[in-house]
Every structure is written in structure tokens, then in C-alpha cells.
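**Student:** Take this sequence and fold it.
(chains A and B)
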Amino acid sequence: MVKTIEHEPAKFKEGEIISVIEKFPIGHYRTPTYVRGKQGIISRNLGKYINPETEAFGKNAGSKMWYYMVRFVQKDLWDNYVGQETDELEIEIFENWLEAIN
Amino acid sequence: MTHNHPHDHTPIVQEEKPGYYEILEISVRELMIEKGRITADDIRKQIELLDSRSPVLGQQLVVRAWTDADFKKRLLENGNAAAEEMDITIYDDTAFTVLEDTPQLHHMIVCTLCSCYPRAVLGLPPDWYKSKQYRSRAVKEPRSVLAEFGTIIPDEIRIIINDSTANQRYMVLPLRPEGTEDFTKEELEKLVTRDTMIGVTIPKII
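**Tutor:** Numbers count the residues shown, from 1 in each chain, chains lettered A, B, ... in the order given. This next block holds a predicted model:
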């Protein structure tokens, strides 16, 4: 039997610290460059949503992937950030862009 | 065309030629109709639905949340279900997510990739929301952007920026201003403007 990603359990838990993979593929991606390579925390598991990376090209349309709300500290994202140490940014990221921190 | 009404105006003409993407959109739309996948009436209906939404719906949600603690809880837990309770359909299968401001925390929303916006409850986004300047600067220097909107967030208040990149559609539940305890529902609704629900300003007693 072919195992599809839809049957896989979520890889990450709420509260877990993760890193966004630093990769620069060509295509349709929803992960902005400003978070790539940065560390954040999973603030919510948002369930599964249509994988836009294949959907954008009409391939494998309808396949879903786990995605999460990930929270970053602003000072970790931007050099010379002007604001509070505790200012944060929250964004949705698909599971194939995240890796665990060991 | 007959044109005999009494007032003067310059003739209404369309001088601009359609651009690349406009021609692409027209071609795809006409092909879809020709192939019978959708009808012209489907498109008209969808535009009519989009145009029927406005910040009035968001105002109703905010004021209900300010005055009904149980509703607020439901709204924060499941935006779609709470909106539908108020007969506001979230027609596009997005996850409507409400972000609650507190005396210590201010939220502001942006879509750095394009123009994701809670259209079902706020209508179409303002042009500045879709501008490259707002999209790039809101994430990087929110306090400066807020100051340009005339909104000074004191240093001790934390700011969280929510960037929509997939299926969440955020709306800010702003803080109810002090001194509004005796306000009627209508008076409260006047305080809740579109921009307070985007988070670029806060409700003010005028």
C-alpha cells in the first residue's frame, strides 16, 4: 500500500522549538525568506491544509500537509530591530519547512 | 449611446489598455465559461457576495465580544463557528482567527506574500494593505509603521505581528476603551473602525 503524507502523524508538538529550513527552491512557496534559517516555537498545530507547493501547478491537487502557527522573537529575525525584547511575529509554516532542534 | 442628461461632465472613456495579467484573467475566465466549468452568473454572484461584505460585520463581532463574555470565548476559540452564529458565513473555507488585544499586548495583521485579509468580515482590503511598503515594513519595523498611522504604542506594551501565509484569516479584537461602560451598542460600534480590526490604530472616544 502506498503511504501518503496524509496518514502521517504531526511531527511537531505545541511548545516545541524548531528551526525553519534554509532552502531556496524555485516554484511556489509560502515560507518567506525572512524566517528561513531562523528558530521559533510552535504556538499551535493548525491541522492539515492543501499543500500549495503542488496545488499551484495543478499537480497532486487536494493533497494536504500539516501546518503550524510558529512564533518568532522579532530580535531574532531582524538585525537592529527597534522595539521590545518581547515583540514577536507569528506566521503559518508547512511541516516540510521545519526541522527539530537537537 | 444617447447622452442627454442635463449636467456637464467630461466623456467617460476607457483609455488604458488592459495589461498582461488582465488579458490573462479574461482569457482564463472565458475559457472556463466556454468549457462549461463555471458560468458567467457564478462569477457575478461571487463578486456580489464579496462586495456585500464590509467592516460593519467585524464591528458587530467586536461589540458582541465586548459585551458578552461567553461569546468572546467562543469567538477566540473558533472564529468560523462564532461568526456563523451571528449569521456571518465564512464563505471561502478559510480559518477565521481572532486575536485578542490586552492592556499588555497589541496585535497587527499583514500578509507579506499578497493580500490575505478577513474579507468575509471586513470586505475588501484597503489599497495600502496590499502595498509593498506596508507588507515589507509591517513585519520589520511595526512600531514605526504604527507611528505613521498616528498610533504610538508605549514601550511597555508588547507587539505581535501576525503574517498570514496560508489559510488563517486574522482579525484583531481591540481593547474596549475605558470610560465606555455606559455606551450603547450603537455608540460602541462607532469606535470599532476597520483600521482597529487590522491593528494599525486603536478605538478612541472622540
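**Student:** wait, what's in contact with the residue nearest the centre of chain B?
**Tutor:** Residue closest to the mean C-alpha point of chain B, counted by C-alpha atoms, centre = their mean, is B:L122 at 3.7 Å. Contact analysis of B:L122 by C-beta atoms under 8 Å, 6 or more residues apart in numbering or on different chains lists B:R53, B:S54, B:P55, B:L57, B:G58, B:M171, B:R194, B:M197, B:I198. In this view, the C-beta of every residue, glycine as well, is placed from N, C-alpha and C.
**Student:** measure it to A:L46 for me?
**Tutor:** Counting by C-beta to C-beta, to the nearest Å, the gap from B:L122 to A:L46 is 21 Å.
**Student:** With A:G27 instead?
**Tutor:** Relative to A:L46, A:G27 is positioned 22 Å away (C-beta to C-beta).
**Student:** Look at the two and report which has more neighbours.
**Tutor:** A:L46 (21 against 9; other C-beta atoms under 10 Å in any protein chain shown).
**Student:** so what secondary structure elements neighbour the biggest helix by length in chain B?
**Tutor:** The helix that spans the most residues within chain B, counting by DSSP state H, is helix B:20-34. In terms of contacts (3 or more C-beta pairs under 8 Å, 6 or more residues apart in numbering or on different chains; DSSP states H and E), helix B:20-34 is packed against helix B:40-51.
**Student:** angle of the helix it packs on against helix B:20-34?
**Tutor:** With axes from the mean of the first three to the mean of the last three C-alpha atoms, to 10 degrees as the basis, helix B:40-51 and helix B:20-34 are set at 130 degrees to each other.
**Student:** Let me see the mean pLDDT of stretch A:14-28.
**Tutor:** The average pLDDT within stretch A:14-28 is 94.
**Student:** Repeat that for stretch B:192-206.
**Tutor:** 95.
**Student:** Sort out which residues of that stretch are buried, please.
**Tutor:** B:V192, B:T193, B:R194, B:D195, B:T196, B:M197, B:I198, B:G199, B:V200, B:T201, B:I202, B:P203 (16 or more other C-beta atoms under 10 Å in any protein chain shown).
**Student:** before we move on, what about stretch B:41-60?
**Tutor:** Quick answer for stretch B:41-60 (16+ other C-beta under 10 Å): B:R53, B:P55, B:L57, B:G58, B:Q59, B:Q60.
**Student:** what sits against the nearest residue to the first one once chain neighbours are set aside?
**Tutor:** Looking back up the chat, that one is B:R53. In space, and not counting its chain neighbours, B:R53 is closest to B:G123: 4.4 Å by C-beta to C-beta, 6 or more residues apart in numbering or on different chains. Shown in contact with B:G123 (C-beta under 8 Å, 6+ apart): B:L50, B:D51, B:R53, B:S54, B:P55.
**Student:** right, and out of those, which lies closest to chain A?
**Tutor:** Lowest distance from chain A to the contacts of B:G123 (C-beta to the nearest C-beta) belongs to B:L50, with 21.0 Å.
**Student:** give the contact list for the closest one.
**Tutor:** Counting by C-beta under 8 Å, 6+ apart, B:L50 touches B:R119, B:G123, B:L124.
**Student:** Stretch B:180-198 close to chain A?
**Tutor:** No: using C-beta under 8 Å from any C-beta of the partner chain, stretch B:180-198 never reaches chain A; the gap is at least 15.3 Å.
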